[in-house]
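Colleague: The sequence and its predicted three-dimensional model are supplied below.
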Amino acid sequence: MLFSTIQTSRRRAGLVVMTAALLSTTLFAPSAAQACACGCGIFDVGTGAMFPDGAGGTVFVEADWVDQNRNWSGTTAAAADQNADKRVQSQFYTAGLQYLFNRTWGLQVDVPYWRRQFTTQDDDGNIATFDHTAVGDLRIRGVYTGFSSDLSSGLTFGLKLPTGDASYAHFDADTEIGSGSTDLLLGAFHRGRLTAEGKVGYFVRGQWQEPLQSKANYRPGNELIGVVGVYYQGWAHADTLAITPILQMTAAYRGHDGGPDGHPEDSGYTRLLVSPGIEIHMSKIRIYAEAGFALHDNVSGNQLVSRRNYKLSMFYSF
């Protein structure tokens, strides 16, 4: 969804980049035959994947692009006429803050803003397209990094709040910008080095998302997302510029939606993606770009999927 950097004692590359994105924007989950359960927790995890490197703060902005334009059933593409929904194009913009009060405790807040275009077939068989833009569901997390002195392992815990618009008349319940639910967010992360000189490293991260309270007509499915990745921090110039390539694999599981508008037969999936990315680090500024490609999709019923997704992020540390 992101990644972070830690400076080494010799500041070789000025950072040790970690991209932990549970599907970190690389993956945008698909939709139901009569709706479009998107699995947006993927982007949530991506955004929340900055690895702390000491007391202080980081502000960031992030943009994600997803085009769910293929009908999928089971593990293969399916005929478009099997799904009343035809296309879901989404742009996710997130502004956030991560602040560590000390080397043990911190806080992160993510504020999303979505633009979505939904193309579907109405009851008369006509194709209609609807556009909607609104603030999404706010996410607030605590961060604990007290397991080791280098902050290499930690836990995250918090809530996704129902601040997003969940009442737009032309969207299905699982296509709405807001889910209408309050969700528990529990995560963990770890990073380490694969070579003695520290230029090659790895990271793992995971998050569980469980709705605690939801609307009577719709309960989103729970989600489990995990990522493992490697990075190389050997490209640096005079401690003023560092370029770090990153490669990550993401696996995601989403349970069936519930409620009268949940369409459990056409919701729920497992996905596997690969995401190459690159980070440019200049003093207090970092820029990160990533493209995600689906390796495996297994969806219940008929759902719209995106086979590739894109992310661009900028960070400023203070």
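Modeller: Cool, got the structure. Numbers count the residues shown, from 1 in each chain.
Colleague: Excluding residues flanking it in the chain, which one is nearest Phe118?
Modeller: Phe130 (5.0 Å; C-beta to C-beta, 6 or more residues apart in numbering). For every residue, glycine as well, the C-beta is placed using N, CA and C.
Colleague: which ones are touching Phe101?
Modeller: Ala55, Leu107 (C-beta atoms under 8 Å, 6 or more residues apart in numbering).
Colleague: where does it sit relative to Asp124, distance-wise?
Modeller: The spacing between Phe101 and Asp124, counted by C-beta to C-beta, to the nearest Å, is 58 Å.
Colleague: what are the ranges of the strands in the stretch 151-300 of the chain?
Modeller: 153-160, 182-193, 200-213, 223-232, 235-237, 241-254, 269-282, 285-305 (DSSP state E, counting those that start in this stretch).
Colleague: Check the offset of stretch 212-223 from the chain's centre.
Modeller: The chain centre lies 19 Å from the centre of stretch 212-223; the measure is C-alpha atoms, centre = their mean, to the nearest Å.
Colleague: so how far is the first residue of it from its last?
Modeller: 13 Å (C-alpha to C-alpha, to the nearest Å).
Colleague: what is the nearest residue to Ile287 once chain neighbours are set aside paired to in the beta sheet?
Modeller: Once flanking residues are discounted, Ile287 sits nearest to Ile280: 4.7 Å by C-beta to C-beta, 6+ apart. Using DSSP bridges, the bridge partners assigned to Ile280 are Ile243, Ile287.
Colleague: what's the answer for Glu62, then?
Modeller: Thr94, Ser313.
Colleague: Give me the distance between it and Ala169.
Modeller: Glu62 is 29 Å from Ala169, by C-beta to C-beta.
Colleague: between the strands of the stretch 151-300 of the chain, which gets the lowest average pLDDT?
Modeller: Ranked by mean pLDDT, those bottom out at strand 235-237, which scores a mean of 83.
Colleague: Who does it pair with, and is each partner parallel or antiparallel?
Modeller: strand 241-254 (antiparallel).
Colleague: Give me the angle between the strand it pairs with and strand 200-213.
Modeller: Interaxial angle, strand 241-254 versus strand 200-213 (axes from the mean of the first three to the mean of the last three C-alpha atoms, to 10 degrees): 40 degrees.
Colleague: Show me which residues of strand 241-254 are buried.
Modeller: Neighbour-count burial for strand 241-254 flags Ala242, Ile243, Thr244, Ile246, Gln248, Met249, Thr250, Ala251, Ala252, Tyr253, Arg254 (criterion: 16 or more other C-beta atoms under 10 Å).
Colleague: quick one: the fourth one from Ala77, how far?
Modeller: Okay, so that is Ile246. 29 Å.
Colleague: neighbour-wise, which of Glu62 and Ala169 wins?
Modeller: Applying other C-beta atoms under 10 Å to Glu62 and Ala169 shows that Glu62 carries more neighbours, namely 24 against 6.
Colleague: Check the spatially most distant residue from the centre of the chain and give its pLDDT.
Modeller: In the chain, the greatest distance from the average C-alpha position (C-alpha atoms, centre = their mean) is reached by Asp124, at 36.0 Å. With respect to pLDDT, Asp124 scores 86.
Colleague: what secondary structure does it sit in?
Modeller: coil (DSSP: H, G, I helix; E, B strand; the rest coil).
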